[in-house]
Each structure stands twice: as C-alpha cells, then as structure tokens.
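# requesting a structural model of the entry that follows:
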Amino acid sequence: KHAAKTRQFVDQIVSVLELDDVRDRQIGALGDGDALSFEQRKRLTMAVELAANPAILFLDEPTSGLDSRAAIVVARAVQSISSTGRSVICTIHQPSYALFSIFDRLLLLKKGGQTVYFGELGRECGDLTAYLSRACDDLATKAMRHELDDGVNPATWMLSACVAPEDFAAYYGASELAAENVKLTAAAAEKAPGSEPVHFATLYALPFWNQVRVLTRRQVTNYYRSPSYNVTRGMVTIIVAVIFGTTFLKPRPGAVHDFSNSFSRCGLMYLDVFFMGIIFYSSAIPNMVSQRDSYYREYASRMYAALPYAITFGIAEFPYLVLYSVLHVGLLWAMVDFFPANDGFLWYLFFFFLFISLLTYMAQFLAAAMPNQQVASSLGMAYLAVTANVSGFAISPNDIPGFWRFVYWLAPIHYVFEGLVVTQFHGANLRVEDVPVPGLARDPTLQRYYASHWKDSHFGGYFAWSHRWTNVAVLAIFIVCFRLGTFLALLRINYSSK
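Sure, this is the predicted structure:
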C-alpha cells in the first residue's frame, strides 16, 4: 500500500513537470545523443527536490543558460508546481515578458541588496507599472520614462529604477506598500497558538540500511545501463587475455624447463596483472567523477548519508570485477603453459581479482578526494609508475637501493607479483637449465629458484611460498584503506560549485 502511494506520488511529479516522455532514459553526459538536454535536467532537478514534498521550493536562476523556448518550458513547469499549492521562490535576471508574467509577486533589489519594490505584479504587471510610474512622478526622475510604452517588456523597464540617480529604495521604504509588508511579515512571524517548532527524530528520512538498499538498487541499475563503461572493460579483458595467451602459447607438457621460459612466465604474470590493473584504474576514475555531483546535491539535501554511498559504490563494482576476473584468467590459463598445479588456477584468479579490485577502489578514492579527473588520474599513475620500478620484477628485491626499499613495501604490485610467482612455481620440481647462478653443483628446481628463502634464488629469498597469505592480507588491507578513504573523502571534501 505504501509502495503504491509512493509510485502514485512520483507519477504525479513526473506528470506535473512534463517528464513522462523521458522517464526511462538515462541522464547521460551533455552532448551525448541519448542524454537529457540541459532544460530537461533543470526540470529533473526540480523533480528530485519535489520528491521530499516541500511546502516551499527555492530555485536559483532556473532559466539561466536556456534559449527562449526551453525557458518557457521550465517556466511552465514552475507554474505547474505552484498550482499544486506550493510556494515557489525564484531568482531571475532579465526575463522575457512571457516568463515574467507567470509570477505573482516581485521582490526587486538594487545594488547593495536594497529593496526597490516588493509586492504584487498584478494583471499584465499593472500593479508594478502603476507603482513605478507614480514613483517616477514623485521623484521627477529623468533616468527612465515615467510610463511603460506599448510593446516594452516591464521586466526591462523596471531595471532603470535600480540604476537611476534618484533613490527608489528610499522611496519604497517610506511608502505605504513597505509599511503594509512590514505588518504582513510581523503577522507571519507570530507563533500560532498550540504550534510547535518543526522537529525530525533523525537527520535522514530513511534508516541506514534502507539507504544502502535503495542506493544499491540504483547503482546496480546505473551500472547495467552503462555499456560504455562495463562492456568496454569486458571487451578489453577478453582481448588482452587472447593477446597474451597467443603470444605465450607453447606445446605441452613441460615447455617451462629452462631459465628463459620460466622467467618469461614471471614477466607474463607481472605484465598481465599490472596492465589490466591500469585499465581498470583508468576507466573507474571518470565513472566515479561523473557521479560526484549527484552525491553532493543529495548529501546536501540530507537524502542520503556519505557511508551508504561509499558502500554501494563498492557493491556495484563487485560482480563485474568477479566476472571479468573469471573471463580473463580462464582464457589466459587455457592458452598459456603455466607450470601445472592443482590450485594454481585458483591462486592466479584470486590475486588477479584482488589487484583489479584494489586499483578500482583506489580510483574511486582519488576521484572522490581530488578536485578533478585529471589530477586524480595523474596522481594515481605517478604512484603506480614509481612502485612498478621497485616491485621485484625489474630489480631483484635484494638489489633495490636502501633509500627506495620503503617503496617496495608500499607497492601493491609487489604483493601481487610475489603471490603469483610463489603459487605458480610451488611444487614445480623440474630443474631450471642454464640457471645464471655460478658455482652450483646441479641446477635448482623451479620451486627452489623462484619460490623459496634460498639466498641464491632469483629474488634473493624475498619471494617464498610461506608469504602467500601475508600477501593476501596486505592487499586486503590496501582495499579496506581505500574504501575507508573514499568514505572520508565523500564525508569531508566537497568540490561542488555551489
């Protein structure tokens, strides 16, 4: 029953604002072929505010930036709102006569916030023109015509009173109209018998988990309707897997039995996860930035709190991250001759999923914390570039200079790369031919050379099978920190222009 009443109320708002023909369309980005126009967005913003069923609606320059036809459509929407019994207060600059005449009362201000006129417009603006004509006669001004000529817009004519050398504000202050308005204001300010101040038990209309539920449904729908974001990521995921897979395609079994082939598998794992992580990072930033403005507006209106927003941004991403991880790793594993292990596929899938999730959530954090998309993208890419150099692939961990060693421990790719290497080569007992370690009596196994604490191993004993769960834990901590950072950025930082 409650849901039916809510639907009826929403349908009424959509009808009043003439949005029926676009009710199932996405807002989109301005300029897109199927996106809402600038004028439709204005009406949609009014509809969002009307959803709270306010008694008074304040509109700041609702027709600014619109052509005359679009301005009339918005003005008609304002008039329709007024017809529902709500008071509508607008700020407006130099309106056309058709637009100006829809209003009932006018507050005309000059520089300094001084009142020139406050009262009824009257039929065909008769009350306004009569008052200003009388003021022109009494002040004997020569700055404007004392009568409104035929065909002249009264909204244009009245502005002359705001810049005339005569003090129209003082004239209004001494007028009977001003005295009447003071009495009306005093009467309206009096507390009605038995009335109490408006009080709400909670800051938000919806309980916390209801906010999460509503926002989750909205985010999931939004992601489903965003093929430019999700389909593109999916296609890149498949294409990159095919490219890497066909590049490293080898006959089976036992293709990995020498240093060249075994180390090339390390390079494949490193490039694969790092490249895909950058793809997911780069695509997540504009998606998050595009949703910031709606968050700022709804948070300021106390529609939703910051925490439900932060939670649902992560929830909406999760199924896509799982799906793309399975697609990518499944295709890659089917083509590349990784050294077989019973759980090697699951480990690769797990670490791949953790890394693309980490960079996606890092992108959301930076998009929420930085002033614009360019700064967020540049800062994140700089961080990834620096950490990539000291992650253990380009330089063995024991060869990293001391003053860069701290970056090694702050590099997410280091934990992913180590986790992939040790889980893929664990249990691999083939011996590495032509291993570049002089003085060995016999060649070491793949496991000993790549996934052990042996000091002469390729990674100097830093990469070991025993570290695998530590790597998982550190990556999980990174993800939690970025999710927490996103929440704090949404809560404390606001880059809205108004």
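# what secondary structure does Leu206 sit in?
Local secondary structure at Leu206 is given as coil here, using DSSP: H, G, I helix; E, B strand; the rest coil.
# please tell me how far Gly151 sits from Met144.
As for Gly151, its distance to Met144 is 16 Å (criterion: CB to CB, to the nearest Å). (C-beta placed from N, C-alpha, C; glycine too.)
# so the two - more neighbours on which side?
Met144 (21 against 6; other CB atoms under 10 Å).
# for the more buried one, which non-adjacent residue is closest in space?
Ser160 (3.5 Å; CB to CB, 6 or more residues apart in numbering).
# surely that neighbour and Lys142 touch.
No: judged on CB atoms under 8 Å, Ser160 makes no contact with Lys142 at a distance of 10.7 Å.
# what segments of the stretch 201-350 of the chain are helices?
Here the stretch 201-350 of the chain has its helices, by DSSP state H, counting those that start in this stretch, at 208-224, 227-247, 259-300, 306-335, 344-369.
# quick one, which of Ser160 and Lys142 is more surrounded?
Taking neighbours as other CB under 10 Å, Ser160 and Lys142 compare with Ser160 leading, 15 against 11.
# tell me the pLDDT of the residue nearest to Met144.
The model reports Ser160 with a pLDDT of 88.
# can you tell me the SS state at the closest residue to Leu36 other than its chain neighbours?
Counting by CB to CB, 6+ apart, Ile27 is the residue found nearest to Leu36 once chain neighbours are left out, at 5.2 Å. Here Ile27 is recorded as coil under three-state DSSP.
# before we move on, what about Val116?
Val116 - assigned by three-state DSSP - is strand.
# so it sits against Leu106, correct?
No: contact criterion CB under 8 Å: Val116 and Leu106 do not qualify, at 9.6 Å.
# which of these two has more neighbours?
Using other CB under 10 Å as the criterion, Val116 and Leu106 rank with Val116 on top: 23 against 20.
# how about that one, what does it touch?
Leu108, Leu109, Lys110, Met158, Ala161, Cys162, Phe168, Ala169, Tyr172 (CB atoms under 8 Å, 6 or more residues apart in numbering).
# then Arg218?
Contacts of Arg218 (CB under 8 Å, 6+ apart): Thr312.
# what pLDDT is listed against it?
91.
# same thing with Arg7?
pLDDT, read off for Arg7, is 87.
# just put the helices of the stretch 201-350 of the chain in a markdown table and tack on distance to Leu488.
Below are the helices of the stretch 201-350 of the chain laid out as a markdown table (distance: least, CB to CB, whole Å):
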| stretch | distance to Leu488 |
| --- | --- |
| helix 208-224 | 17 |
| helix 227-247 | 25 |
| helix 259-300 | 14 |
| helix 306-335 | 8 |
| helix 344-369 | 8 |
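# check which helices and strands the helix or strand Leu59 falls within sits against.
Here Leu59 sits within strand 56-60, counting by DSSP states H and E. When contacts are defined as 3 or more CB pairs under 8 Å, 6 or more residues apart in numbering; DSSP states H and E, strand 56-60 sits against helix 38-50, strand 87-91.
# after it, next one along is what?
Criterion used, DSSP H and E; the element after strand 56-60 is helix 68-83.
# list the helices and strands that following helix packs on?
Using 3+ CB pairs under 8 Å, 6+ apart, helix 68-83 sits against helix 2-16, helix 38-50, strand 87-91, helix 97-100.
# strand 87-91 and that helix, what's the angle between them?
150 degrees (axes from the mean of the first three to the mean of the last three CA atoms, to 10 degrees).
# buried stuff in helix 68-83?
Ala70, Ala71, Ile72, Val73, Val74, Ala75, Arg76, Ala77, Val78, Ser80, Ile81 (16 or more other CB atoms under 10 Å).
# okay if I get these as CSV plus distance to Tyr296 and pLDDT?
Formatted as CSV, the buried residues of helix 68-83 follow (distance: CB to CB, whole Å; pLDDT from 0 to 100):
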residue, distance to Tyr296, pLDDT
Ala70, 24, 80
Ala71, 25, 82
Ile72, 29, 82
Val73, 26, 82
Val74, 22, 83
Ala75, 26, 83
Arg76, 28, 83
Ala77, 23, 84
Val78, 24, 85
Ser80, 27, 85
Ile81, 23, 85
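# sorry, back to before: pull out the buried residues from the contacts of Val116.
Buried among the contacts of Val116 (16+ other CB under 10 Å): Leu108, Lys110, Met158, Ala161, Cys162, Phe168, Ala169, Tyr172.
# for these, give me TSV that also has distance to Thr237.
Putting these into TSV (distance: CB to CB, whole Å) gives the following:
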residue	distance to Thr237
Leu108	60
Lys110	62
Met158	62
Ala161	66
Cys162	61
Phe168	68
Ala169	66
Tyr172	68
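# among those residues, which are located in strands?
Counting by DSSP state E, those place Leu108, Lys110 in strands.
# the helices of the stretch 201-350 of the chain: which one's closest to Ala201?
helix 208-224 (13.9 Å; CB to CB).
# ok and the closest one relative to helix 259-300, angle-wise?
120 degrees.
# what are the buried residues along helix 208-224?
Gln211, Val212, Leu215, Thr216, Gln219, Asn222, Tyr223.
# pretty sure the first one contacts Ala205?
Meaning Gln211. No: the pair Gln211 and Ala205 fails to qualify as a contact (CB under 8 Å) at a distance of 9.2 Å.
# contacts for the least confident helix or strand in the chain by mean pLDDT next, please.
Sorting the helices and strands of the chain by mean pLDDT, DSSP states H and E puts helix 446-450 at the bottom, at a mean of 77. Residues outside helix 446-450 that contact it (CB under 8 Å, 6+ apart): 256, 262, 266, 339, 421-422, 425-432, 435, 454, 457-459, 463, 465.
# buried subset of those as a ChimeraX selection?
In ChimeraX, a selection of the buried entries from the contacts of helix 446-450 looks like this (16+ other CB under 10 Å):
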select :256,262,266,339,421,422,425,426,427,428,430,432,435,454,457,458,459,463,465
